[in-house]
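**Student:** Give me coordinates for this.
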Amino acid sequence: MKAALFVNDSYFAYLLAQPVLERFQRDIGLVVLSTRNTASPSRVRSIGSKTSREYFLYRSVVHCLSGFLGAIRGKSVEAAARRYGIRTMASPDFKASLPALRAAGPFDVGLAFNCDQKLDAELLALCSHGILNVHASKLPQDAGISPVLWAFARGDKTVWSTIYKMDTGIDTGPVLEQLEFAVAPEDTAFSLYQRVCADSGKVLAETLSRYLRGELAARPQPETSGRTYWSWPDDRHQQMMRASGRRFLRARDLLDALAGRNAAEAAVR
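**Tutor:** Numbering: from 1, shown residues only. Down below sits the predicted model:
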């Protein structure tokens with residue numbers, strides 16, 4: 001097997017990728033790191049203009065945390081790839097990088113998560129068995145951007161994660177696995193998504209093995225008029241957060257992440 005990863009290298013992406021990188025380190029031919037939303041100041045300003053101030057501050061804190069954990073603790077996809085001797089390539093535009101991606105292939109399968117670039121038909125065709133994605137909702141509900149943040153702001157008691165095979169639509173491909181997570185009373189948006197990513201990464205590693213052995217068939221998403229789509233967390237999202245009494249982040253979340261404790265370990269302290 002020869003695999004490729006397409007990822008925006010945040011702390012959450014690391015939690016998703018680590019089980020796969022560890023288990024399949026000899027099979028991963030390339031890790032493509034998207035720099036679309038981090039390398040361009042104009043892009044950062046554009047995101048800021050679409051989001052609430054509270055979300056943009058939260059996003060900025062997570063970005064700084066991701067950089068620190070990657071540089072000091074080696075907890076980034078790029079650092080993990082270096083440890084395992086896996087080639088990496090940074091790209092602000094996957095379509096512009098297509099010739100280099102073709103030269104690095106062909107690939108049997110791809111994985112994409114926390115990825116801020118759309119994979120069109122040409123990119124999907126690089127992998128003979130397709131590209132699997134992890135989306136933090138129970139598709140077809142809550143497609144789009146930051147679904148777990150919208151579910152958390154709504155006051156949902158549970159959130160979901162879906163592993164599916166990508167097609168050219170937005171979160172419309174056939175489903176392989178779906179996981180349910182209870183929202184604890186003490187959860188913040190950070191601690192909840194930390195747990196979702198860590199557990200989904202473990203299941204993804206097992207799902208990939210079964211998928212490549214032909215033991216797991218993808219099933220089409222049900223056709224429903226109730227499909228929902230979310231964009232960037234904006235002022236409406238912040239109003240929902242206030243109504244539900246929920247928080248993005250606590251100082252304890254950052255201390256636990258810096259100390260190397262995951263959300264499940266922190267909850268039992």
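
**Student:** Now do D253: how many residues are near it, please.
**Tutor:** By the criterion of other C-beta atoms under 10 Å, D253 has 23 neighbours. Just so you know, the C-beta spots here come from the backbone N, C-alpha and C atoms, and that holds for glycine as well.

**Student:** Could you verify that it is part of a helix?
**Tutor:** Yes: residue state for D253 (DSSP: H, G, I helix; E, B strand; the rest coil) corresponds to a helix.

**Student:** didn't it look like it was pressed against F190?
**Tutor:** Yes: using C-beta atoms under 8 Å, D253 is in contact with F190, at 4.5 Å.

**Student:** just the strands in the stretch 151-269 of the chain please.
**Tutor:** Here the stretch 151-269 of the chain has its strands, by DSSP state E, counting those that start in this stretch, at 158-165, 175-182, 229-230.

**Student:** winner for burial among the ones you listed?
**Tutor:** Using mean count of other C-beta atoms under 10 Å, the stretch among the strands of the stretch 151-269 of the chain with the greatest mean number of neighbours is strand 158-165 (a mean of 22).

**Student:** Quick one: closest of the strands of the stretch 151-269 of the chain to G144.
**Tutor:** strand 229-230 (4.3 Å; C-beta to C-beta).

**Student:** elements contacting that closest one?
**Tutor:** On a contact count with 3 or more C-beta pairs under 8 Å, 6 or more residues apart in numbering; DSSP states H and E, strand 229-230 meets strand 143-144.

**Student:** strands paired with the strand it packs on, and their directions?
**Tutor:** According to DSSP bridges, strand 143-144 has the following sheet partners: strand 229-230 (parallel).

**Student:** what sits up against the strand it pairs with?
**Tutor:** Residues outside strand 229-230 that contact it (C-beta atoms under 8 Å, 6 or more residues apart in numbering): D142, A143, G144, I145, S146, P147, W150, I170.

**Student:** Please name the nearest non-neighbouring residue to the last one.
**Tutor:** With C-beta to C-beta, 6 or more residues apart in numbering as the criterion, I170 has its nearest non-adjacent residue at 5.9 Å, and that residue is A143.

**Student:** what about K118, which SS state?
**Tutor:** Judged by three-state DSSP, the three-state class of K118 is coil.

**Student:** give me every residue that touches the closest residue to it other than its chain neighbours.
**Tutor:** If you skip the residues right next to it in sequence, K118 has I170 as its closest partner in space, 7.8 Å away by C-beta to C-beta, 6+ apart. When contacts are counted by C-beta under 8 Å, 6+ apart, I170 is found next to K118, A143, G144, Y229.

**Student:** What is the nearest of these to A259?
**Tutor:** The shortest distance between A259 and any of the contacts of I170, using C-beta to C-beta, involves G144 and amounts to 33.1 Å.

**Student:** For the residue positioned nearest the centre of the chain, give me its contacts.
**Tutor:** Centrality entry for the chain: nearest residue to the mean C-alpha point is N114, 2.8 Å, by C-alpha atoms, centre = their mean. With contact taken as C-beta under 8 Å, 6+ apart, N114 is in contact with V7, N8, S10, F12, A13, L16.

**Student:** In helices, which of the residues you listed fall?
**Tutor:** With helices defined by DSSP state H, the entries of those inside them are F12, A13, L16.

**Student:** and of the residues you listed, the nearest to V203?
**Tutor:** After measuring those against V203 - C-beta to C-beta - the closest member comes out as L16, at 10.1 Å.

**Student:** contacting residues around the closest one?
**Tutor:** Neighbour list for L16: V7, F113, N114, V134, C197, A198, S200, G201, L204 [criterion: C-beta under 8 Å, 6+ apart].

**Student:** I'd like to know how far the residue nearest to the fourth one when sequence neighbours are not counted sits from V20.
**Tutor:** In this structure, V134 finds its nearest non-sequential neighbour in F113, 4.3 Å apart by C-beta to C-beta, 6+ apart. Here the distance between F113 and V20 works out to 9 Å (C-beta to C-beta, to the nearest Å).

**Student:** if I look at those two, which residues touch both of them?
**Tutor:** Each of L204 lies in contact with both F113 and V20 under the rule C-beta under 8 Å, 6+ apart.
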